[in-house]
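Engineer: Sequence first, predicted coordinates after that:
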Amino acid sequence: MAISSDLGDLRRTHYSSELSEGMDGQDVTVMGWLLTVRGHGSITFATICDRDGEVPIVAKKGGECPDEVREALSSLKAHSSVAVRGTLRASPKAPRGFEVVPAELRIFSRVQKIPPFEPVAKTVKNIDTRLEARPIDLRRSVLQHTFKMRSRILRAVRDYFEREGFIEINTPKIISSATEGGAALFSIFYYDKPAFLAQSPQLYKEQLTMSFEKVFEIAPIFRAEASRTPRHLSEAISIDLEEAFVDYNDVMDRIASLVRESADAARSYLDGAKEVAGGDVPLAVPEIPDTIPRHTYGSLVDRLQGAGAKTQWGDDLYPSDLKRLGLDGFYFIVDWPLGPKPFYVKESKGGSGDAGGEQRQRTSESFDLMCGELEISSGSTRIERREDLESRMRAKGMNVDSFEYHLGAFDYGAPPHAGCGIGLERLLMALTGTANIRDATFYPRDVDRLVP
Ligand code: ATP
Ligand code: MG
């Protein structure tokens with residue numbers, strides 16, 4: 001039968017990326033979804049999309065292809081799930097130099113609904129329209145490339161950690177108390193007790209440096225971010241690392257390597273994708289400098305004040321401030337004021353770092369990695385002694401007793417250690433030029449969105 005609707009024994013022989021004009025005359029079976037169908041009376045052109053790219057199908061009246069196959073094909077709407085078995089034919093006019101002439105068509109699922117946007121649309125303005133049809137939104141070329149790049153970046157990150165002797169860990173996401181205060185937590189019920197979703201693996205990853213020394217985790221963090229911004233999600237993926245017997249300078253060196261290797265992986269993905277798609281890939285990966293510049297917090301405050309800003313030492317630095325200073329590309333801001341930092345962040349040696357001007361202010365061994373105005377990572381040297389942790393907690397008005405499960409670990413002797421958390425979606429935004437974080441995750445969660 002030339003037309004049927006079951007997969008049966010039929011299997012794909014080639015992905016689109018495996019086809020070429022050199023296979024002229026070969027019998028092939030391709031499977032995927034219909035990107036376009038255009039019938040012109042005696043000839044029907046269709047494009048089937050698979051994981052890797054596009055396959056042009058040409059069904060002409062007059063012997064080459066059974067009439068019922070051509071007619072059935074031309075009746076289909078874009079997105080339908082199909083298979084075509086047929087003959088590959090070299091065709092100098094086709095974009096990739098070949099087309100497939102169908103002998104058999106399987107129609108697995110017909111489209112029941114008109115999609116809210118064209119599958120080939122390069123941009124669709126309203127993100128809510130897209131999110132409501134996310135499964136097919138993710139078929140659009142720009143998101144295909146973004147998420148394939150994400151996968152490559154994750155592989156490069158894991159390769160880096162493996163090579164550098166890190167152990168991959170997973171820490172509890174259901175926790176009994178806040179890790180750092182500040183960011184709002186999601187409350188849940190844990191049987192009959194109140195509990196929270198973890199805003200970071202911070203305390204557990206620190207404890208694990210006592211036994212494994214070098215650990216990393218790639219997992220969700222949950223933050224009740226009540227504001228609507230293009231860079232905050234309620235559920236994000238954090239690449240966390242923590243390492244014993246190093247300080248924040250060593251961690252910055254590691255992040256620089258991670259960013260460089262991620263960018264290399266993204267670029268090598270793009271090169272390959274451009275080859276398959278004939279150059280039409282709407283993403284570009286920025287160059288990462290050999291040395292990522294480091295600016296002290298104090299020096300930036302001085303520059304802002306010099307430019308007439310009202311910023312005081314101790315204030316946060318806002319995107320508008322960084323824009324004003326013309327900072328772009330990747331750079332670190334180091335030695336932040338100690339006061340607002342979480343309790344586990346170590347004070348700078350001598351109790352004072354670069355405080356800006358003549359003031360002697362308490363700074364911390366901390367950094368943020370930025371890309372333009374976007375924060376990609378925060379990290380620091382951590383405190384390794386219990387009494388220092390307790391005094392910082394008291395100074396911040398925290399309930400020391402409720403952290404006994406954590407502080408108790410330090411009674412057994414913790415090594416000096418340092419680490420950071422890198423927002424995967426933020427890194428992907430920086431490496432692909434994606435403006436809205438909702439397009440750097442598959443199914444975004446934000447203050448307005450819990451479905452799909
Ligand atoms: P921001 O100032 O941008 O709100 P933060 O300083 O509160 O971020 P950290 O606690 O330092 O965030 O978390 C470490 C990293 O995790 C951040 O640098 C960022 O890349 C990522 N991250 C934190 N919160 C979010 C979020 N709500 N959505 C997406 N990524 C996040
Ligand atoms: Mg931060």
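Structural biologist: Sure thing, it's come through. The structure presented is a predicted model; accordingly, all values stated were derived computationally and were not measured. Ligands and ions are numbered 1, 2, ... in the order given.
Engineer: ranges for the strands of the stretch 301-450 of the chain?
Structural biologist: 330-334, 366-371, 374-382, 417-423 (DSSP state E, counting those that start in this stretch).
Engineer: Identify the residues contacting the second one?
Structural biologist: The one in question is strand 366-371. 248, 251-252, 255, 259, 292, 294, 322, 327, 329-336, 341, 345, 375-381, 420, 422, 426, 430 (C-beta atoms under 8 Å, 6 or more residues apart in numbering). Where you see a C-beta, it was placed from the backbone N, CA and C, and this is true even at glycine.
Engineer: Now restrict these to buried residues only.
Structural biologist: Buried residues within the contacts of strand 366-371, counting neighbours by 16 or more other C-beta atoms under 10 Å: 248, 251-252, 255, 259, 292, 294, 322, 327, 330-336, 341, 345, 375-381, 420, 422, 426, 430.
Engineer: Keep the contacts of strand 366-371, but drop any that are not near ligand 1.
Structural biologist: Subset of those in contact with ligand 1: 375-378, 426, counting by C-beta under 6 Å from any ligand atom.
Engineer: which pair in those spans the largest distance?
Structural biologist: 378 and 426 (10.9 Å; C-beta to C-beta).
Engineer: so the residue of the stretch 1-150 of the chain found nearest ligand 1 is in which element?
Structural biologist: Residue of the stretch 1-150 of the chain nearest ligand 1, by C-beta to the nearest ligand atom: residue 150 (14.0 Å). Per DSSP states H and E: residue 150 is located in helix 141-163.
Engineer: next SSE after the lengthiest strand in the chain?
Structural biologist: Ranked by residue count under DSSP state E, the longest strand found in the chain is strand 27-40. As assigned by DSSP H and E, the chain's next helix or strand after strand 27-40 is strand 43-49.
Engineer: tell me what the next helix-or-strand element following that next one is packed against?
Structural biologist: As assigned by DSSP H and E, the chain's next helix or strand after strand 43-49 is strand 54-60. Contacts defined by 3 or more C-beta pairs under 8 Å, 6 or more residues apart in numbering; DSSP states H and E place strand 54-60 against strand 27-40, strand 43-49, helix 67-74, strand 81-90, strand 98-109.
Engineer: Determine the set of other helices and strands touching the helix ranked longest in the chain.
Structural biologist: Counting residues, the longest helix in the chain under DSSP state H turns out to be helix 248-277. If you count contacts as 3+ C-beta pairs under 8 Å, 6+ apart, helix 248-277 packs onto helix 141-163, strand 235-244, strand 330-334, strand 366-371, strand 374-382, strand 417-423, helix 424-432.
Engineer: Can you check which of those gets nearest to residue 271?
Structural biologist: In terms of C-beta to C-beta, the element of those nearest to residue 271 is helix 141-163, at 11.3 Å.
Engineer: For the closest one, which helices and strands make contact with it?
Structural biologist: For helix 141-163, the elements it packs on are strand 214-222, helix 248-277, helix 424-432, judged by 3+ C-beta pairs under 8 Å, 6+ apart.
Engineer: What residues of the longest one count as buried?
Structural biologist: This means helix 248-277. Residues of helix 248-277 classed as buried: 248, 251-252, 254-256, 258-263, 265-267, 269-270, 273, 276-277 (neighbour count, 16+ other C-beta under 10 Å).
Engineer: wait, isn't residue 415 in contact with residue 209?
Structural biologist: Yes: contact status for residue 415 versus residue 209: in contact at 6.1 Å, counting by C-beta atoms under 8 Å.
Engineer: which residues are common contacts for those two?
Structural biologist: Between them, residue 415 and residue 209 share these contacting residues under C-beta under 8 Å, 6+ apart: residue 244.
Engineer: Leaving out chain neighbours, which residue sits closest to residue 64?
Structural biologist: Nearest residue to residue 64 in three dimensions, chain neighbours excluded: residue 101, at 5.5 Å (C-beta to C-beta, 6 or more residues apart in numbering).
Engineer: Pick out the residue of the chain closest to ligand 1.
Structural biologist: residue 423 (2.3 Å).
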